[in-house]
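*Asks:* below are the sequence and a predicted model; questions follow.
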Amino acid sequence: MSTKGELRFIGIVEKAGEEAIIRVYPEFCAGLKGISDFSHLIVLYWIHLRDKEEERRTLLVFPKRHAWNVETGVFASRSPSRPNPIGLCVVELLKVEDCVLTVKELDALENSPIVDVKPYIPRADAIPNARVPEWTQRGPKT
């Protein structure tokens, strides 16, 4: 089994904030066909400011922005410090123009490379009775 793969960024966050702008590179623009039929998307992005060897070795974290200070494994948290700095965010799609997506609630920073965009499908992506630790019940969405 190979331990390395190839990752191709498909775009970049041009503007962060309440209404964020994602520019999909021209060679991937055809992949947006039909995306405007969805109200929400899942955006996977590269946490480029944490792409450092020290951050990639992080395995235990204290999740910030939560009411409790509980040490947990990086895979049991949404910490940006992780072996592969990939972020995930569910966003509301506001507008599609050519290769540009305008979205709401994106937690990526400006210049974050986009790894992938997927449609949010409630029957597949929402688990109403999912079990989570109590510390996740307070704090930000991610």
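*Replies:* Now that the structure is in, tell me what you want to look at.

*Asks:* where do the strands of the protein begin and end?
*Replies:* 11-15, 19-24, 40-46, 60-61, 72-73, 86-97, 100-104, 113-119 (DSSP state E).

*Asks:* partners of the third one in the sheet?
*Replies:* Looking back up the chat, that one is strand 40-46. Its sheet considered, strand 40-46 pairs with strand 86-97 (antiparallel), strand 113-119 (antiparallel) by DSSP bridges.

*Asks:* what separates that strand from the chain centre, distance-wise?
*Replies:* The chain centre lies 5 Å from the centre of strand 40-46; the measure is Cα atoms, centre = their mean, to the nearest Å.

*Asks:* nearest to Ile127, out of the strands of the chain?
*Replies:* Minimum separation from Ile127 across the strands of the chain (Cβ to Cβ) falls at strand 86-97, 13.1 Å. (Each C-beta comes from the backbone N, C-alpha and C, glycine too.)

*Asks:* what sits closest to the most centrally placed residue in the chain if chain neighbours are left out?
*Replies:* Nearest residue to the geometric centre of the chain (Cα atoms, centre = their mean): Leu88, 2.1 Å. Closest residue to Leu88 apart from its sequence neighbours, by Cβ to Cβ, 6 or more residues apart in numbering: Leu44 at 5.6 Å.
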